[in-house]
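A.B. asks: Got a predicted model here, sequence first, then my questions.
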Amino acid sequence: MRWSRPSTSLCAFVTLLNDRLGESIVFPLLPFLLASFTSNGRTLGLLAGSYAIAQFAFTPLIGALSDRYGRKPVIATCVAGSVLGLGLFALTVSIDWQTIPWAAGTSLPLLLLFAARLIDGVSGGTAATAGAVLADISTPENRAKAFGLIGVAFGLGFILGPALGGVLSQANVNLPVWSAAGFALLNLVLVLCLLPETHPPEARRALPRKRDLNPLSALQKVFSNPQVRRLCGAFFLFFLAFNGFTAVLVLYFKQAFDWGPSLAATAFLVVGVVATVVQGGLIGPLVKRFGEWRLTLSGLGFVIAGCLLIPLATPENAKTVVFSAVAILALGTGLVTPCLRALVSRRLDDNGQGAALGSLQGLQSLGSFIGPPLAGLAYDVVGQRSPFWLGITVLVGVAWLVAGGLSRQPNSAPQG
């Protein structure tokens with residue numbers, strides 16, 4: 001049964017937005033939020049990466065639970081975890097620990113912050129389950145358009161997160177985190193009150209064996225499927241490359257062009273606006289006209305072009321070149337992400353959507369965890385421009401995987 005009432009898509013969208021918004025508000029403010037506790041770069045990096053690695057570790061379990069017990073209870077539990085994680089983080093950074101004799105000078109605040117980030121990361125499986133809801137209510141033909149909502153949430157999160165963080169932090173640096181916790185609470189209320197169950201009992205599957213819930217085992221399973229092996233490899237490498245070079249963008253802008261926070265934030269605002277327009281309004285008509293295969297390869301070409309432009313910019317033309325480059329990057333990402341998800345989804349039966357899409361989310365999380373440290377290492381050791389050249393090399397490999405993966409599938413002639 002296809003649930004088509006607006007409340008279903010609304011709840012899925014708000015859940016996806018909450019998943020992205022909480023991260024995009026907290027991440028840019030981490031150095032300021034931790035100023036009272038530590039200025040150690042390694043600690044900051046570990047705290048930033050703890051969200052992605054926790055999400056990677058638990059996403060297969062969350063996807064399997066949604067296939068077994070239904071989407072709604074799993075989403076509600078995960079959103080409740082997001083409320084807890086963000087609330088604990090906000091409370092921890094708001095307390096003046098130096099006024100508490102038994103806690104002053106201890107590592108307790110940092111331990112609480114790591115716990116908060118891990119809790120929020122574990123509950124980040126909402127994205128996979130919300131994606132499964134969209135798969136439940138869509139047909140194979142319009143699945144790419146439905147998955148475009150994921151990109152819209154990503155784009156709006158990119159817009160609203162840094163914007164809210166920048167505005168609210170002028171009053172109090174802790175206020176943005178409290179606002180993220182408040183939005184997560186609103187998300188929970190909507191899910192409990194409005195979201196119907198989209199995965200009927202007759203379509204549910206038994207839980208897999210414990211060893212199959214190991215995230216690495218889950219990835220091995222999805223990679224053993226020749227129908228999606230290359231596409232899943234491309235999905236992982238795309239996010240490794242993209243999250244890698246975007247992680248050093250602000251540092252590069254600052255050191256190469258002497259940009260301040262305002263110009264850097266404007267660049268990310270451009271990314272959010274373009275991605276939202278592409279994935280929210282253009283992706284459906286574009287898929288009908290050209291098909292997911294062509295759009296994925298074209299999108300990769302745009303990302304490579306944008307990545308190439310940034311290191312070629314000079315201080316004299318930086319604004320023009322960089323803003324053009326990030327717009328091209330956003331256009332490419334807006335095409336690649338939903339279309340590549342849809343290409344994988346179309347090659348799977350309906351009963352395994354939750355676990356399979358959970359594996360995709362796990363691949364995205366793993367790429368988001370591995371990419372930034374690699375790019376940062378290249379930036380420090382090889383040179384400022386090296387993460388962009390490394391990203392281009394990996395993206396060329398992604399295009400090769402997509403082209404080879406599709407051309408070898410039966411009935412895989414380019415659509416459109």
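C.D. replies: Noted; the coordinates are in hand.
A.B. asks: C-alpha only now, for contacts and for neighbours.
C.D. replies: Will do.
A.B. asks: now the residue of the chain positioned farthest from its centre, what's its secondary structure?
C.D. replies: Within the chain, the residue lying farthest from the chain centre (CA atoms, centre = their mean) is Pro101, at 39.9 Å. For Pro101, the assignment made with DSSP: H, G, I helix; E, B strand; the rest coil gives coil.
A.B. asks: next one: phi and psi at it?
C.D. replies: Backbone torsions of Pro101, given as degrees, to the nearest 10, read phi -50, psi -40.
A.B. asks: Likewise for the one 3 residues further on?
C.D. replies: For Ala104, the backbone dihedrals are phi -60, psi 130 (criterion: degrees, to the nearest 10).
A.B. asks: surely it meets Trp97?
C.D. replies: Yes: counting by CA atoms under 8 Å, Trp97 is a contact partner of Ala104 at 5.5 Å.
A.B. asks: Compare those two (neighbour count), which wins?
C.D. replies: Trp97 (18 against 13; other CA atoms under 10 Å).
A.B. asks: List the contacts of that one.
C.D. replies: By CA atoms under 8 Å, 6 or more residues apart in numbering, the contact list for Trp97 reads Ala103, Ala104, Pro109.
A.B. asks: how close does the first one sit to Leu61?
C.D. replies: Computed as CA to CA, to the nearest Å, the Ala103 to Leu61 distance reads 36 Å.
A.B. asks: what does the last one give?
C.D. replies: In this structure, Pro109 and Leu61 are separated by 29 Å, where distance is defined by CA to CA.
A.B. asks: quick one, strands of the stretch 251-400 of the chain?
C.D. replies: Assigned by DSSP state E, counting those that start in this stretch, the stretch 251-400 of the chain shows no strands.
A.B. asks: Helices along that one, start to end?
C.D. replies: In the stretch 251-400 of the chain, the helices defined using DSSP state H, counting those that start in this stretch lie at 261-277, 283-312, 318-345, 353-381, 386-407.
A.B. asks: And the stretch 51-200 of the chain, by the same measure?
C.D. replies: 71-94, 108-122, 126-136, 143-168, 175-194.
A.B. asks: Let me know which of those is the nearest to Glu23.
C.D. replies: When the helices of the stretch 51-200 of the chain are compared by CA to CA, helix 143-168 sits nearest Glu23, at 7.9 Å.
A.B. asks: Go ahead and produce CSV holding the CA coordinates of stretch 12-30.
C.D. replies: What follows is stretch 12-30, C-alpha atoms only, in CSV (Å, rounded to 0.1, in the frame of the first residue of the first chain):
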residue,chain,number,x,y,z
ALA,A,12,10.1,12.2,6.6
PHE,A,13,11.3,15.6,5.5
VAL,A,14,11.4,17.2,9.0
THR,A,15,13.2,14.1,10.3
LEU,A,16,15.8,14.4,7.5
LEU,A,17,16.1,18.2,8.2
ASN,A,18,16.6,17.6,11.9
ASP,A,19,19.3,15.1,11.2
ARG,A,20,21.2,17.6,9.0
LEU,A,21,20.3,20.7,11.0
GLY,A,22,21.6,19.5,14.4
GLU,A,23,24.9,18.6,12.8
SER,A,24,25.3,21.8,10.7
ILE,A,25,24.5,24.0,13.7
VAL,A,26,26.9,22.3,16.1
PHE,A,27,29.9,21.5,13.8
PRO,A,28,30.9,25.0,12.8
LEU,A,29,30.8,26.2,16.4
LEU,A,30,32.8,23.4,18.0
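A.B. asks: Dump the helices of the stretch 251-400 of the chain into JSON lines; add distance to Leu192 as well.
C.D. replies: JSON lines is the format used below for these (distance: least, CA to CA, whole Å):
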{"stretch": "helix 261-277", "distance to Leu192": "27"}
{"stretch": "helix 283-312", "distance to Leu192": "30"}
{"stretch": "helix 318-345", "distance to Leu192": "27"}
{"stretch": "helix 353-381", "distance to Leu192": "20"}
{"stretch": "helix 386-407", "distance to Leu192": "39"}
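A.B. asks: Would you format the ones you listed as TSV with mean neighbour count and distance to Lys72 included?
C.D. replies: As requested, the helices of the stretch 251-400 of the chain are exported to TSV (neighbours: other CA atoms under 10 Å; distance: least, CA to CA, whole Å):
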stretch	mean neighbour count	distance to Lys72
helix 261-277	20	26
helix 283-312	20	27
helix 318-345	23	21
helix 353-381	23	12
helix 386-407	19	33
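A.B. asks: Quick one: the ones you listed as TSV, columns for mean pLDDT and distance to Glu197 too.
C.D. replies: TSV is the format used below for the helices of the stretch 251-400 of the chain (pLDDT from 0 to 100; distance: least, CA to CA, whole Å):
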stretch	mean pLDDT	distance to Glu197
helix 261-277	76	27
helix 283-312	90	25
helix 318-345	89	20
helix 353-381	75	14
helix 386-407	86	34
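A.B. asks: residues in contact with the nearest residue to Phe56 once chain neighbours are set aside?
C.D. replies: Leaving aside its sequence neighbours, Phe56 sits nearest to Gly362 (CA to CA, 6 or more residues apart in numbering; 4.5 Å). Counting by CA under 8 Å, 6+ apart, Gly362 touches Gln55, Phe56, Ala57, Thr59, Pro60, Pro215.
A.B. asks: from these, which ones fall inside strands?
C.D. replies: Judged by DSSP state E, strands contain none of the contacts of Gly362.
A.B. asks: ok, and the most crowded of those residues?
C.D. replies: Greatest neighbour count in these, by other CA under 10 Å, goes to Thr59: 33 neighbours.
A.B. asks: what separates that residue from Leu160, distance-wise?
C.D. replies: In this view, Thr59 and Leu160 are 25 Å apart by CA to CA.
A.B. asks: cool, Lys145 as well?
C.D. replies: 23 Å.
A.B. asks: Same drill for those two, tell me which one is more crowded.
C.D. replies: For Lys145 versus Leu160, neighbours defined as other CA under 10 Å are more numerous around Lys145 (25 against 19).
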